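Visitor: Could you look at this predicted model? Sequence included:
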Amino acid sequence: MVILNEVQLGAALRERRELSGLTQAAVADRAAVSRAFVIDLERGRRPRAELTRVLAVIRALDAAITLTGHQTKSAEEALDELLGRS
């Protein structure tokens, strides 16, 4: 999954939490953060959140971050890929 902003990160964390069968309160307890922090993070409302707290939530979900190179495509390249012409 490619995540490029705080809204996408929040959605990914929410999806992971729901697939794990955990409540926001349980994740907050495991990560030693408030439930309000988890709620805001899942909604993409913490764009300047402290990295250690974000990583604590990720660990509480038994997840990890992998960094990869990101290539920007032109509109024509993206359209070709969508249409299977690449």
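Guide: That came in fine, so what should we check first? Residues are numbered from 1 along each chain as shown.
Visitor: quick one: low-confidence ranges for the chain?
Guide: 86 (pLDDT under 70).
Visitor: need the longest helix for it.
Guide: Secondary structure of the chain read by DSSP state H shows that its longest helix is helix 6-20.
Visitor: counting contacts, what elements does that one pack onto?
Guide: In terms of contacts (3 or more C-beta pairs under 8 Å, 6 or more residues apart in numbering; DSSP states H and E), helix 6-20 is packed against helix 35-42, helix 51-60. Glycine gets a C-beta too; all of them are placed from N, C-alpha and C.
Visitor: if you set the cut-off to 7 Å instead, what comes out?
Guide: helix 35-42 (3 or more C-beta pairs under 7 Å, 6 or more residues apart in numbering; DSSP states H and E).
Visitor: What are the contacting residues of the helix it packs on?
Guide: Contacts with helix 35-42, where a contact means C-beta atoms under 7 Å, 6 or more residues apart in numbering, come from 10, 13-14, 24-25, 27-28, 46, 49, 53-54, 57.
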